[in-house]
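[1] Model the structure of this input:
(one chain, ligands or ions: 2)
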Amino acid sequence: MNVSAEISLSEYLKKYFGFDTFKGNQEVIIRNLLDGRDTFVLMPTGGGKSLCYQLPSLILPGTAIVISPLIALMKNQVDAMRNFVSTEDGIAHFLNSSLSKAAIQQVKEDVLAQRTKLLYVAPESLTREDNVEFLKQINISFYAVDEAHCISEWGHDFRPEYRRIRPIIEKIGRAPVIALTATATPKVQHDILKNLGILDANVFKSSFNRPNLYYEVRPKVNATREIIKYIKANTGKSGIIYCLSRKKVEELAETLQVNGIKALPYHAGMDSATRSENQDKFLMEEVDVIVATIAFGMGIDKPDVRFVIHYDIPKSLEGYYQETGRAGRDGGEGRCIAFYSYKDIQKLEKFMQGKPVAEQEIGKQLLLETTAYAESAVCRRKMLLHYFGEDYQEENCGTCDNCTHPKKQFEGKDYVVKALKVILAVNEKFKADHVANILSGRATSGVKSYRHHLLDVFGLGKEKDEKFWGAVLRQMLVAYLIEKEIENYGLLKVTKKGHEFLEHPSSFMLVEDHDYESIDEDNAAASGKTAAVDDELLSILKDLRRDIARRKNLPPFVIFQDPSLEDMAIQYPVSLEELKNITGVGQGKAMRYGREFVDVIKKYVEEKEIIRPSEMVVKSIVNKSGLKVYIIQSIDRKISLDDIASAKNLEMNELLNEIESIVHSGTRLNLDYYIDEVMDEEHQEEVFDYFREEAEDESVEAALEALGEDEYTEEDIRLMRIKFFSEMGN
Ligand code: ADP
Ligand code: ZN
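    Ligands and ions are numbered 1, 2, ... in the order given. Alright, predicted model coming up:
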């Protein structure tokens, strides 16, 4: 293009979007498209992809067809476009199943009248016969395929309809194609070009490196506690926490809330009003943290998200990269912490079992990549960028856990030579796990089925196990000594560089993987808990309890039970707020009896100059199983206990167990409506007074003995004991 055209391109940018300069590759990309050439854009999220097709659509005659996978995103895009572009309305429209017949008619009229410059369609709508007929009549400037990774089964959100785009374009009428994506491994990239029939397209790849993001993987031990600690140390900062299940999302959001963190849940199972309300609160900074399934974040653009935490390890590195990419879009701090446990990987593998075999195979490969990333001690940034086909050259990125806390390196020249030999011995036709098995001399059924246990090289590296060899192979991949074949994904090939290495081996430093397995979750959790009880404080607290009991004329166990006092003698709560985190202490109990206890503890802590546990106290949510919620609601509605029991298929004593556990965890229940039916007033009073004045402890047997077994049933006693605890304790 000539100089005058160059000037006008920036003028268009200014005129329509108000920006002074293009971002990254935008200008060359747009020129390429304006010149009528097929174009492939790989740009990380936030790079400014949309403008690459929006601007040319405004310049070129005709209508651009934008194929986009999400109806919700389409509407946002169209709205944003209308806001941006300071010309008349009607410049962008969308066509999808959410529109009424009349609305569709209106859109079609606008398009035919050539007012529409951009028409967004879902692939399903594009392939509908009537739409094809309609689109045949119009002048199409170009086709834009957004989120183009959806074409590949190897992407993380494969959409089969995306596969049919090329034939449909042929039917409607040819025009240049621009495909755009924010995540594409070399394999996915190849699939996109091939499937869209644009193998000759000019490829514009921006660097995927996000220098301001800090990557970190932690063993999944006490993850909830770690998360709360992190958030509390970063109050006021916005963050997103991803979990894989809806249940976990709700549970974690609630746990954060009871620990005083402004957090809300977000997942696809919630009704859409609540969902968008929660999203808005996050955007408006009324809450700091959103706990979400992956459904959250698409199409939202909050620039100052300061941390993204993966409570569960994601199913693919594509997903991980996209989700972590939502941190620090403004170029400021962005901390990415993932909690990893191999158990989670196994769980994910199990979930896949019902799926078609081909899909399972792909899913397993993607999981392997995630595992490799998590367990590797190589620079996280280097691993990630390598995965997306980019060679990151720096020795130490300075902003990932493996670079800031490097593992010791050792000379690996001989190992690398051995691995190269084995890959060549199996004619470069096998994947990494198979090669690692041969190296370590494991005659697995897979190895035997190819008779590879009979090879000379079988057990060539038997001094090390297959896990070690897996790590070696991954580091060879990252160093481009070997590569994974693109067409048959995963088969290891020796590169030119690898052959050279084999001829003239040179120094090659290696690190071993992290060993997360030896960190036993249960052990770690237990050792964190068995902190010592301060016996001196415990006896002071017991004395205080006795005093208060006397003053109030109540049995001591109503005030606080032993486990609560013991927990206080471990945690040293010095405020009512902290007291609420103690086992068995609810809001009501803390308010009613707590003051004197925290005052005594505070004085004790000051006098003895006690350093309180730096480990924060995490309050867990009352175990509100569906059953408990049902019981609480039914009692509120004064439904007879017999009916509740039979509705839930429980024996009465089982129901009473549940009710007792509800009351013990601090919830007040009013059973009067039921007790009045089964016991007369006099009997009620007698049992109540017994607990209030005589009882040594809360035992039912003792009560029956004192009150007479012919007068009362066990059930009577338990009902009255519930009433007593509920009224006096909570
Ligand atoms: P992507 O689709 O690649 O995630 P977007 O197209 O949503 O990115 O653009 C990200 C942000 O960058 C948007 O807020 C957009 O308005 C802005 N943007 C795009 N191009 C420019 C530009 N040339 N100058 C300034 N801001 C831009
Ligand atoms: Zn690094």
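
[2] Residue 230 and ligand 1, how far apart?
    Residue 230 sits 27 Å away from ligand 1, going by CB to the nearest ligand atom, to the nearest Å. (C-beta placed from N, C-alpha, C; glycine too.)

[3] Now do the one helix or strand that residue maps to: distance to the chain's middle.
    Using DSSP states H and E, residue 230 sits in helix 223-233. Between the centre of helix 223-233 and the centre of its chain there are 15 Å (CA atoms, centre = their mean, to the nearest Å).

[4] for the helix or strand just after it, the distance to its chain's centre please.
    Remark: after helix 223-233, the chain's next helix or strand is strand 238-242, criterion DSSP H and E. Relative to its chain's centre, strand 238-242 lies at 8 Å (CA atoms, centre = their mean).

[5] And for stretch 93-102?
    32 Å.

[6] what's the span of that stretch from first residue to last?
    14 Å (CA to CA, to the nearest Å).

[7] and the closest residue to residue 149 other than its chain neighbours, how many neighbours does it have?
    In space, and not counting its chain neighbours, residue 149 is closest to residue 155: 3.7 Å by CB to CB, 6 or more residues apart in numbering. Counted by other CB atoms under 10 Å, the residues lying close to residue 155 total 26.

[8] Relative to residue 345, how far out is residue 155?
    Taking CB to CB, to the nearest Å as the measure, residue 155 falls 20 Å from residue 345.

[9] any idea of the angle the helix holding residue 230 forms with strand 238-242?
    Taking axes from the mean of the first three to the mean of the last three CA atoms, to 10 degrees, one finds helix 223-233 and strand 238-242 inclined to each other by 170 degrees.

[10] Would you mind giving the secondary structure of the residue lying closest to residue 511 once chain neighbours are set aside?
    Leaving aside its sequence neighbours, residue 511 sits nearest to residue 377 (CB to CB, 6+ apart; 4.2 Å). Following DSSP: H, G, I helix; E, B strand; the rest coil, residue 377 is assigned to coil.

[11] re the thing from before, and the residue nearest to residue 149, what is it in contact with?
    Listed by CB atoms under 8 Å, 6 or more residues apart in numbering, the contact set of residue 155 reads 149, 183-184, 188, 318.

[12] Output these as CSV; include the columns pLDDT, neighbour count and secondary structure.
    Formatted as CSV, those follow (pLDDT from 0 to 100; neighbours: other CB atoms under 10 Å; DSSP: H, G, I helix; E, B strand; the rest coil):
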residue, pLDDT, neighbour count, secondary structure
149, 92, 27, helix
183, 83, 26, coil
184, 83, 27, coil
188, 92, 27, helix
318, 90, 25, helix
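
[13] of all those residues, which comes closest to ligand 1?
    Among those, residue 183 lies closest to ligand 1 (CB to the nearest ligand atom), at 11.0 Å.

[14] Now do the contacts for the closest one.
    Residue 183 neighbours (CB under 8 Å, 6+ apart): 149, 155-156, 318, 321-322, 388.

[15] among the residues you listed, which are in helices?
    Under the assignment DSSP state H, the contacts of residue 183 contribute 318, 321-322 to helices.

[16] same for ligand 1: which of those residues are within range?
    Taking CB under 6 Å from any ligand atom as the test, ligand 1 is in contact with none of the ones in helices among the contacts of residue 183.

[17] Kindly indicate which of the contacts of residue 183 lies nearest residue 335.
    Set against residue 335, the nearest of the contacts of residue 183 by CB to CB is residue 321 (15.3 Å).

[18] right, and the closest one touches residue 383 too?
    No - the criterion here is CB atoms under 8 Å, and residue 321 misses it with residue 383 at 10.8 Å.

[19] Poorly predicted segments of this protein, please.
    1-7, 72, 84-90, 295, 297-300, 518-531, 613-625, 730 (pLDDT under 70).

[20] With that, I have no additional questions.
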